[in-house]
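1. Got a predicted model here, sequence first, then my questions.
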Amino acid sequence: MSEQPIISLSRSDLVSDQEVRWCPGCGDYAILKHVQSALADLQVPRENMVVVSGIGCAARFPYYMNTYGFHTIHGRSPALATGVKMANPELSVWVVGGDGDMMSIGGNHLIHALRRNIDLTILLFNNEIYGLTKGQFSPTSGLGKRTKSSPLGSIDPAFDPVSLALGAGATFVGRTADMWGKHCQAMLKEAHAHKGAAFIEILQNCIIFNDGAFAHEVGKKTKDDATVELIHGEPLIFGKESQFGILADGLELKVVELGEEFSAEDLLVYDKTKLNPGMAQMIAAMGVSDGSLPLPVGMFRQVQRPTYEHSMEDQVRSAQQDTGGKPPLQSLFNQGDTWTVD
Amino acid sequence: MSEQPIISLSRSDLVSDQEVRWCPGCGDYAILKHVQSALADLQVPRENMVVVSGIGCAARFPYYMNTYGFHTIHGRSPALATGVKMANPELSVWVVGGDGDMMSIGGNHLIHALRRNIDLTILLFNNEIYGLTKGQFSPTSGLGKRTKSSPLGSIDPAFDPVSLALGAGATFVGRTADMWGKHCQAMLKEAHAHKGAAFIEILQNCIIFNDGAFAHEVGKKTKDDATVELIHGEPLIFGKESQFGILADGLELKVVELGEEFSAEDLLVYDKTKLNPGMAQMIAAMGVSDGSLPLPVGMFRQVQRPTYEHSMEDQVRSAQQDTGGKPPLQSLFNQGDTWTVD
Amino acid sequence: MSTPPSSAPPEHSEQLESVVIRFAGDSGDGVQLTGTQFTKTSALVGNDISTLPDFPAEIRAPAGTLFGVSGFQLQFGSTEIRTPGDRPDVLVAFNPAALKTNIDRLRKGGLVLINSASFTSRNLEKAGYESNPLEDESLSAWQVITVDMTKLTREALKESPLRTKDKDRAKNLFALGMVYFLYSRPLEHTISWLENKFAKKPDVAAANVKTLKTGYYYAETAEVFRSTYSVPEATVAPGLYRNVTGNQATALGLVSAARKADLDLFLGSYPITPASDILHELSNLRAHGVKTLQAEDEIAAICAAIGASYAGSLGITSTSGPGLALKGEALGLAMMVELPLVVINVQRGGPSTGLPTKTEQADLLMSMYGRNGESPIPIIAARSPADCFAAAFEAAQVAISTRTPVLLLTDGYLANGSEPWAIPQADELPNIDPDFLLDGGEVLQPYARDPESLSRPWIKPGTVGLEHRVGGLEKADLTGNVSYDPANHHRMCSLRRDKVARIADSLPPTTITGSQTGGDLLLVGWGGTYGSITTAVHKARAAGKDVSSVHLRNINPLPPDLGDILRRYDKILVPELNLGQLVRILRAEYLVDARGCNKVQGLPFTVNELIAAIDAELYGEA
Amino acid sequence: MSTPPSSAPPEHSEQLESVVIRFAGDSGDGVQLTGTQFTKTSALVGNDISTLPDFPAEIRAPAGTLFGVSGFQLQFGSTEIRTPGDRPDVLVAFNPAALKTNIDRLRKGGLVLINSASFTSRNLEKAGYESNPLEDESLSAWQVITVDMTKLTREALKESPLRTKDKDRAKNLFALGMVYFLYSRPLEHTISWLENKFAKKPDVAAANVKTLKTGYYYAETAEVFRSTYSVPEATVAPGLYRNVTGNQATALGLVSAARKADLDLFLGSYPITPASDILHELSNLRAHGVKTLQAEDEIAAICAAIGASYAGSLGITSTSGPGLALKGEALGLAMMVELPLVVINVQRGGPSTGLPTKTEQADLLMSMYGRNGESPIPIIAARSPADCFAAAFEAAQVAISTRTPVLLLTDGYLANGSEPWAIPQADELPNIDPDFLLDGGEVLQPYARDPESLSRPWIKPGTVGLEHRVGGLEKADLTGNVSYDPANHHRMCSLRRDKVARIADSLPPTTITGSQTGGDLLLVGWGGTYGSITTAVHKARAAGKDVSSVHLRNINPLPPDLGDILRRYDKILVPELNLGQLVRILRAEYLVDARGCNKVQGLPFTVNELIAAIDAELYGEA
Ligand SMILES: Cc1ncc(C[n+]2csc(CCOP(=O)(O)OP(=O)(O)O)c2C)c(N)n1
Ligand SMILES: Cc1ncc(C[n+]2csc(CCOP(=O)(O)OP(=O)(O)O)c2C)c(N)n1
Ligand code: SF4
Ligand code: SF4
Ligand SMILES: [Mg+2]
Ligand SMILES: [Mg+2]
């Protein structure tokens, strides 16, 4: 990648020879297409693409990508991908997993990868359910959810993946959905362009065990009212007729109707580049804690910080400054107090 | 505890017969005293107190408390304590660990305990170092820190424990310090009174491997300028002469000098009970992302949500509604399609 | 054992001793339901039964694909039935993929019942058939009966208000009706089940019942089969029965133990195939004092269970192979603090993620040794689906009375398989005394031991005056204080070893199937291979071969009489679904030249495989 | 072997073959520094040496307490020295607690050198002395020399501008000076080290040098000792030497292997005693292409290392017992994807948190079996601190050439102990060929195997045209695609087993210490017990006993000639620092009646313990 070759890949070049085995109608199919389309445009040679996943329906993803792929173990993909990227920073490393994989068993590896700001693109397929194990609630399912393992209704409050990622110090945080082809692809490309850990939550429909979990937010007819798109530098406007807006009343968010009393000028202008993630957090939590507000989607945060793997390369390079490469092994042996026996 | 007995305990009743084995001068001694003092006042019978810890210097804590105590394994104390509390909600369960124990290996259990809002009081002794293993950097140490495992300076950005806890949905989040006896004890009591998971970060000095890490923030002479105390319902004022304040300029925080231009009325009034944790997040991050601002201490958040163990008890009770207790075992056996062979 | 349908005239019903049937089709074809109904009806008419569902690894694989085929095999009979059978006598194939993946298992001469409607060119192609097997000679070794079940079902439901798509769904009941006729089973049980299940959707209930009956009458009227058969009642012990899977029986056994010990039960678990159903079952039993935590991972699950035991509940954690690998460190802690804990490992195909939906017995040595340091843990293995009840009860009993974590090993085959369970009298199950310490005497000694069992007291937080500290550091004998004393460490390691070893004192004499006093060959097995091994031994003995077998429930400690027994036989063969694990333990323990008979295919042993192995041992590898 | 200082006149220097010295005091007393300096000087004058530091479990325990005593023991000699010695000839005790905890180890008649200034009533009380042992008869079995080192040091430093507190810190050098005189060692090496170390603090350097010299001259002038001694040079092989601890040698061995394979080295690790120093050492070697990740936990550490290996580095993870217990699942993945990986387990006292700062060998069976399913992994064990270099190199070599994770076992005793290392010529170390696949031919087969080693190709992402997928599900032979085929699963499990087994073909013949052709008794050991076992066997043979020994480097697979060897001896004894682990493997493998000699005290075997065990085997438990 160092010399920016002109690479012409089409989506089909990224389709592997493996039969796709998700349930018919699963949202994962759409995401697969978006990822293949977006990656084809990245000017990254196919051999430099690596897809790493954990275990789950979502985590079967690497098999269907005609790139290097590693289907690891449950929850550990961010850790394994960290090793891949550190060993070879030239690779474009994509991490894929479900809400169980990344938010339950793998929660710690996720937040540590985000904290370190290692240049991975991490895709969380959130279907608010355990698909592969046939339908238990997940840490994103939320209170009251009746599933095989919560027949009386779950008593586990949900994580908001965006809030958790921001709390961990993530430098790039976005939210999109399986059915939003363009939106999703655009975000994937931005994430790739971002130097550092990029975290994208993709709302994904599990047709078998949690059908319609996001129907309201993702559906064509309802989404304009049910979500608000965060656009950097733009006021927060939503609604089918763009008739609503969100403004900050002190440190309180409020939905207002645009028209006589309020105009776009009064609204909160979104800034994804703020160093202090408080605003992003406030917006992220509004769907969750303030029931009446729409679900924010789009880019919550994008700030620059040194990437982990580059800081490591810098240490290696500066350690080799005097020798212009690896010093002779013998010099390592002979360090310290030595003595000769003749 | 159900009948609120009048219990008279003194600090010394909570001192165990084990010799304390921390390094002379370690901040843990002070915290131990604060905890013993605070607990003696709680009107909780000693036999109902359980202290659970992981592994580390901090995690030796239970041995020194004349209560029930469980020194478990590295990182797992929140999970183990969850089982204790679910099994017997009458117990007052305290969880103690260091920044390695709770933020590194135990990060996931911590955030899941906070998410579930199980009624534990979780004390993070943050000395920004691995003490027991003799001085490696921890996830709270921050960039550039030179330690045994980062001889060239750490390239790991730090977690902010408060931000992470808020991102995980914690209902009670506070910060205090080893040397602040009153402050610390008051917070411990509030945490105990809180129904739900309470998370307290205690800044703690490791005199051997990270001496003075918080000297500026905690030290008598400097702390008034270096920190700002969050007081519910009060404006954010700090400084030796209370000469500074923090105000919200739109969604931006700013330090101002009080006097001609600004008065206390202009300042941000802190509200720990906001459902949307955005404000708390903004404040939490100000010390970290906006270098010029003081370190916030005190109570970041305190909101009410059902506790995990009570939701579970509710399910048990309502399942037993018809039988007024456990139904006969035989009824369980005989469920479903049965047939008789004579 | 199975007897083939013969070519006798249809009006005449033949008696068989046992029959193996396999239903196979797409996940959407209702294969599991059909199998379950046949099972239940057969049980209700008094047959002994053993079943095995066989799920695809995919949740809902695309229709018509080979990897999407779902199967359900059952054996029913008038004698003791111990396995779902080696080879089906009857295969019901709902589509070409089901035929393709299953036909080779069908006994030569067996009967295959096919829904011809699904043999479209598209489906044939998906199944990889180059020509239609219904039209070429490829099925000539079997009796093929093709019926357009889809058309006949639609026909039967002409009047029904259901949409065609929903009508088509009922075709499995058409097939079930036909098979009921073939084996002279009554329809009433399935009819009442359908009416109950669709009580709120009377149209669906009516359509299903209609289709079931139509299938039955069609078989009768069209004289589809050359003969019908009956399988007389088995002579099973009198009592109340119900069908249970291994996972259900495990859950029941655990709850029973908790109830008999007057303890609440706490399960910390993380979903994993094929163990998840234990979590599901127990999640529904709040009334019985069962609290469940779906933890964030397997480590949290076991830690929470340890915490619950510490607080005075019966702590339990359930998982499968990879999950157990994660629990090793915490299991060491449980062993060190000497608290009761039951850990269930429903073994599946390994290593790593392996073959997650398949069965295997390859976690035995991990169960023995998968922890740092000297950390002995009792191991108990269940032998059949219903036996999981007794094994789970025993595991909890040992855990409580010995104050130790106990590993209960089952496997995917037991977990999903089912068989009739003779429902016990709850009153007659033994009580278990948790024997909490309430009074510490002068000076509390949390690590003082019962002189016989070597177990330490169980002390519940909340007990006045017994405040004390436990943890994973080595502790001084008696006081339990942290101790770095060298001699104490050796003593404590030895005490913990001896405590587990002493459990052997209370084990019953080992049961030998076959000749008690020795002989040419002894098979030693454990776990889910019981049915196959025992059946093979019975068959071999019936054929005059001097073969016996022993099946171990307790693997750690081993029964005290085992060494003597082993030395009585000329040869010892250890069949295991792994590359040789128990066999290593036996060789090390008794220095006997036991040899392995190993299969790692994600599948149970067939009886015939074992008979071949027996013959090879007895007569050489001819 | 040690010879006591006799009572010859002081002016006359006696020759000794070897001496054991133990320094002991508070953590703040500079005990480790003193020991290290004595070691280095002795090495520089040509003695063979073995050392063992003995840290308290607490970081900095309160001064004067028994649990805060820090020790450093070393043995130096003119013959081959293999252990730090059973019992000291000389004990240097800086305070009453050090005396109390160490005096019983001192050889009767041995010399104890005491700083009398620290025998205050407060310190005596902290150490639990009821009366002052310097004033009662309790030390009469030893030669006691008390010197007020504190006072004499202050005296010597009268002129120094240092504060008294800092002056007092130098008193360990006073003691060192005295001991240098006692054993006729030169001061120059320590002096130049001090001047170097305190180059920026000339006052400190001067004070330290002065104190060292004062101690030396004081011993000479005051005629403190009845005799002085000399220990002639050992006849060690010529070459360049340096002292290394086991952890240092491990790090060096790993870097060497990476360099000789022309690979970058990636270490994923999480701090844990006593393994952390490997992380520390490697963190400082960026120049050699070493990247280190201090991961969030042990699981992340091994996963990152697997990821790095996948990307074409030499992936390594280092840990100790509890950490290895956590890595089981991921280790299974590494085995399944067949990538090189070195996993180092520096064993410590278990189970659970156990005795974290002590040594033990109780993780062998966990290393063999601590993963779900059939997942064989080669195991290599180091036998001495310097040998960790060769063992680590070999582990990496096997990992790279066989494409498998390899477990390298060391222990706390090796990790912290040190001995002279004959520095090898880097050029003469064998090259290792990572043999990356660059061209997949017509159809890439990521699981095609080398017919000899059965290893599969190592394919680096970034290689054009070789895109493929790997993972933990069972994979089809050759293609590596996911496969649920039963026969394939059995074949793959067998292939993975055979691949590891074939490593045996390249193992050198096993070295027998003692009689080659058989005899009365063979000791079989592994790992860090080498020094004690070999010394014991030499001693026993010198006393005419027919004892031999074999020390295993490779435990999985075992050397192919081992079975034959074992069968040549009448009895087999397996000394291990556990309750019997290798012995179980040997019994299962070879059906020989090997018996265990076991110690689980957090301490190495002493030579005398082993001699007693040998005698018990040979002559009965008299
Ligand atoms: C160590 C371990 N524990 C548990 C499992 C079982 N398991 C496989 S996938 C999964 C969760 C699936 O849910 P999610 O990650 O949300 O992915 P989805 O299937 O919904 O895409 C679980 C619990 C496993 N494979 N390994
Ligand atoms: C599984 C496991 N991994 C690693 C360790 C080693 N270990 C013990 S404590 C500790 C970290 C100590 O740091 P912290 O939690 O910050 O506590 P502190 O000593 O600073 O109070 C580590 C890595 C262990 N005991 N167990
Ligand atoms: S179970 Fe749900 S998530 Fe999994 S493949 Fe099916 S539809 Fe998709
Ligand atoms: S090492 Fe640090 S944290 Fe640990 S006891 Fe000593 S001073 Fe306290
Ligand atoms: Mg999911
Ligand atoms: Mg710390």
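-> Noted; the coordinates are in hand. Residues are numbered from 1 along each chain as shown, chains lettered A, B, ... in the order given. Ligands and ions are numbered 1, 2, ... in the order given.
2. Please count neighbours and contacts with C-alpha atoms only from this point.
-> Will do.
3. which residues make contact with stretch A:270-280 from outside it?
-> With contacts defined as C-alpha atoms under 8 Å, 6 or more residues apart in numbering or on different chains, stretch A:270-280 is touched by A:166, A:230-236, A:299-303, B:251, B:278-283, B:285-286, B:289-290.
4. how far away is the closest residue to ligand 2 within chain C from B:A58?
-> With C-alpha to the nearest ligand atom as the measure, C:E329 is the residue of chain C nearest to ligand 2, at 7.4 Å. Going from C:E329 to B:A58 by C-alpha to C-alpha, to the nearest Å gives 20 Å.
5. do the same with A:A197
-> For A:A197 relative to B:A58 (C-alpha to C-alpha), the value is 32 Å.
6. just checking, what packs against the helix or strand containing the residue of chain C closest to ligand 2?
-> Following DSSP states H and E, one finds C:E329 within helix C:321-337. Counting contacts by 3 or more C-alpha pairs under 8 Å, 6 or more residues apart in numbering or on different chains; DSSP states H and E, helix C:321-337 is packed against helix C:298-310, strand C:341-347, strand C:405-411, strand C:469-471, helix D:321-337.
7. Would you mind finding the most buried of those?
-> Highest mean neighbour count among the helices and strands packed on helix C:321-337 (mean count of other C-alpha atoms under 10 Å in any protein chain shown): helix C:298-310, with a mean of 32.
8. quick one: strands adjacent to the helix or strand following that helix?
-> Toward the C-terminus, helix C:298-310 is succeeded by strand C:314-319 as the next helix or strand (DSSP H and E). The strands beside strand C:314-319 in its sheet (DSSP bridges) come out as strand C:265-269 (parallel), strand C:341-347 (parallel).
9. residues contacting the residue lying closest to A:L152 once chain neighbours are set aside?
-> Using C-alpha to C-alpha, 6 or more residues apart in numbering or on different chains and skipping residues adjacent in sequence, the residue nearest A:L152 is A:R146, 6.2 Å away. Going by C-alpha under 8 Å, 6+ apart, A:R146 touches A:137, A:152-154.
10. Using CSV, list the CA coordinates for the helix holding C:E329.
-> Provided in CSV are the C-alpha atoms of helix C:321-337 (Å, rounded to 0.1, in the frame of the first residue of the first chain):
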residue,chain,number,x,y,z
GLY,C,321,-15.7,-28.1,25.9
PRO,C,322,-14.3,-24.6,25.0
GLY,C,323,-16.2,-23.2,27.9
LEU,C,324,-14.7,-25.7,30.3
ALA,C,325,-11.2,-24.7,29.0
LEU,C,326,-12.0,-21.2,30.1
LYS,C,327,-13.1,-22.2,33.6
GLY,C,328,-9.9,-24.0,34.6
GLU,C,329,-8.4,-21.2,36.7
ALA,C,330,-11.7,-20.6,38.6
LEU,C,331,-12.2,-24.3,39.1
GLY,C,332,-8.8,-24.4,40.8
LEU,C,333,-10.1,-21.6,43.1
ALA,C,334,-13.2,-23.6,44.0
MET,C,335,-11.1,-26.6,44.7
MET,C,336,-8.8,-24.5,46.9
VAL,C,337,-11.6,-22.9,48.9
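11. just the helices in chain A please.
-> A:27-40, A:77-87, A:99, A:107-116, A:161-167, A:181-193, A:215-218, A:223-226, A:278-289, A:308-319, A:329-333 (DSSP state H).
12. So which of these is the most surrounded?
-> Among the helices of chain A, ranked by average contacts under mean count of other C-alpha under 10 Å, first place goes to helix A:77-87 (a mean of 31).
13. Can you pull the residues of chain C lying near ligand 3?
-> Contact residues, chain C versus ligand 3 (C-alpha under 6 Å from any ligand atom): C:59-60.
14. what stretches of the stretch 201-342 of chain A score poorly on pLDDT?
-> Residue ranges of the stretch 201-342 of chain A with pLDDT under 70: A:289-291.
15. Indicate the residue of chain C located nearest to chain B.
-> C:A304 (3.9 Å; C-alpha to the nearest C-alpha).
16. Mind telling me which residue of the stretch 151-300 of chain C is nearest ligand 6?
-> C:A300 (21.7 Å; C-alpha to the ion).
17. Let me see the contact set for the nearest residue to that residue once chain neighbours are set aside.
-> Excluding the flanking residues, the one nearest C:A300 by C-alpha to C-alpha, 6+ apart is B:A79, at 5.0 Å. Contacts for B:A79 (C-alpha under 8 Å, 6+ apart) come out as B:109-110, B:113, C:300-301, C:303-304.
18. Which one of these is nearest to ligand 4?
-> When the contacts of B:A79 are ranked by distance to ligand 4 (C-alpha to the nearest ligand atom), B:L110 comes first, at 20.4 Å.
19. Please name every helix or strand in contact with the longest helix along chain C.
-> Ranked by residue count and defined by DSSP H, the top helix of chain C is helix C:202-221. Applying 3+ C-alpha pairs under 8 Å, 6+ apart, we find helix C:202-221 packed against helix C:149-156, helix C:171-182, helix C:188-197.
20. Mind putting those into TSV with mean neighbour count, distance to B:I246 and mean pLDDT?
-> Below are the helices and strands packed on helix C:202-221 laid out as TSV (neighbours: other C-alpha atoms under 10 Å in any protein chain shown; distance: least, C-alpha to C-alpha, whole Å; pLDDT from 0 to 100):
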stretch	mean neighbour count	distance to B:I246	mean pLDDT
helix C:149-156	20	75	94
helix C:171-182	26	72	96
helix C:188-197	16	65	94
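21. do you know how far the residue nearest to C:R567 when sequence neighbours are not counted is from ligand 1?
-> Leaving aside its sequence neighbours, C:R567 sits nearest to C:V592 (C-alpha to C-alpha, 6+ apart; 7.4 Å). Distance, C:V592 to ligand 1, using C-alpha to the nearest ligand atom, to the nearest Å: 37 Å.
22. Give me the secondary structure label for C:V592.
-> Assigned by DSSP: H, G, I helix; E, B strand; the rest coil, the conformation of C:V592 is coil.
23. show me what contacts it?
-> Taking C-alpha under 8 Å, 6+ apart, one finds C:566-567, C:586, D:591 in contact with C:V592.
24. just C:Q73 next, same as before
-> C:20-23, C:35, C:51-54, C:84-85, C:88.
25. how far away is it from C:Q32?
-> Noted for C:Q73: a distance of 9 Å to C:Q32, by C-alpha to C-alpha.
26. Mutual contacts of the two, please.
-> C:P53.
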